[in-house]
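Q: This is the structure alone, sequence omitted:
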């Protein structure tokens, strides 16, 4: 019997950047990305709208007139879901649903929904559940809006409010339980990492914007199977594959600062362990940044960090800046930041030392892989290599589909 699937949600996309902001200059590109997120979540995009705001209103984020106009447009398109590219407060979300007559999700909730759909490992599922609960906690009032409440004076509560407080206690308790379980998993992973160091395995973390081609590169570098899909957040679980260096000499990182991981030089014939981590994205929810523990640990413990960039993307430089900023912020929250300081206006992950560009804290070697280089002309690629080189990381071009397209990256990883 053929599987009967429910009809896809018909989504109307709304962008509401502030006038004169950097987001306003790239509003159409950002809506394109929101459309790809909606597709990953299984929604059918039927329309989009842009409204530039001077400042968000406390009730609707946008003005009342624009909200009424969007309500008519939603009805005309038959949209069953409205997706906002901006983060909405609980109050704004509640009033927008009333004004538009449909369910409203902001960018944060949409990303959380995608993560819930695509998480596979036990840890990934717990990370997503934790982020969902922390997102849900301040929004419970909106969920209970349908309950009847009696009007009372001092010390008299309605039934809805009593149930609301019960749910809050249950959610806080669940959050505590999940954090405890994740600490146990983190301790187990730390033991495995220590065992890898003892075996002389060189750990290489592939980090980057979502859909930059990290999984494809992992497959090209190791020859092992890895899930690859042309969608945002195609993989949420970290994937690791080991390969032999084939007798090449691999130099460990320079002596790190006290308290940082110890990267010892591996013996002759050591092995490389490449790890594909969860991709970052613009406006990544803070609850999820804190939940990306496995990804953060791979970066903080790595001997080599490879920032994979989709160099064919029109906004490739903006995506690079997003990854640097989020990684900087996230590792600071993890209390093992890659940075000792920041340059004005950009994350400063690198410092010069013996053996090339290295992290100023962990001592890890730092590389930029300009991926999907096969989609550019040689002149375009040269321009982008020059532009990326201003970040003071070592830059190499790579391609996961061209035969031998990952060899330059492999040599850079193993080079002293």
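A: Structure received. Because the structure is predicted, anything quoted here is derived from the model rather than measured. Residues are numbered from 1 along each chain as shown.
Q: in this structure, which helix or strand is least confident?
A: Lowest on mean pLDDT, DSSP states H and E among the helices and strands of the chain sits strand 350-353, with a mean of 45.
Q: Any stretches of the stretch 151-300 of the chain with poor pLDDT?
A: 151-163, 189, 193-199, 225-237, 246-270, 285-296 (pLDDT under 70).
Q: Only the buried residues of the helix or strand containing residue 324, if you could.
A: Applying DSSP states H and E as the criterion places residue 324 in helix 316-333. Buried residues in helix 316-333, counted by 16 or more other C-beta atoms under 10 Å: 316-331. From N, CA and C alone the C-beta is placed, and that goes for glycine too.
Q: Same question for stretch 94-104.
A: By neighbour count, with 16+ other C-beta under 10 Å as the criterion, the buried positions of stretch 94-104 are 94, 95, 96, 97, 99, 100, 102, 104.
Q: what would those residues look like in JSON lines with distance to residue 50?
A: Output for the buried residues of stretch 94-104, formatted as JSON lines (distance: C-beta to C-beta, whole Å):
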{"residue": "94", "distance to residue 50": "23"}
{"residue": "95", "distance to residue 50": "20"}
{"residue": "96", "distance to residue 50": "16"}
{"residue": "97", "distance to residue 50": "20"}
{"residue": "99", "distance to residue 50": "18"}
{"residue": "100", "distance to residue 50": "16"}
{"residue": "102", "distance to residue 50": "19"}
{"residue": "104", "distance to residue 50": "17"}
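Q: for these, which one is nearest residue 167?
A: residue 94 (16.5 Å; C-beta to C-beta).
Q: For the helix or strand hosting the closest one, give me every contacting residue.
A: Using DSSP H and E, residue 94 falls within helix 90-100. Under the criterion C-beta atoms under 8 Å, 6 or more residues apart in numbering, residues 56-61, 64, 67-68, 70-71, 74, 82, 84, 88, 103-104, 106, 138-139, 141-142, 145 lie in contact with helix 90-100.
Q: you'd agree residue 396 is up against residue 373?
A: No: using C-beta atoms under 8 Å, residue 396 is not in contact with residue 373, being 9.3 Å away.
Q: Which residue ranges make up each domain of this structure?
A: 10-113, 119-145+157-198, 200-414 (automatic domain parsing).
Q: following the helix or strand encompassing residue 187, which helix or strand comes up?
A: Assessed by DSSP H and E, residue 187 sits inside helix 159-198. Past helix 159-198, further along toward the C-terminus, the next helix or strand under DSSP H and E is strand 202-208.
Q: okay, the angle between the following helix or strand past that following strand and strand 202-208?
A: Proceeding N to C from strand 202-208, the next assigned helix or strand is helix 214-222, under DSSP H and E. Relative orientation of helix 214-222 versus strand 202-208 (axes from the mean of the first three to the mean of the last three C-alpha atoms, to 10 degrees): 150 degrees.
Q: Inside strands: which ones of the contacts of helix 90-100?
A: 82, 84, 103, 104, 106 (DSSP state E).
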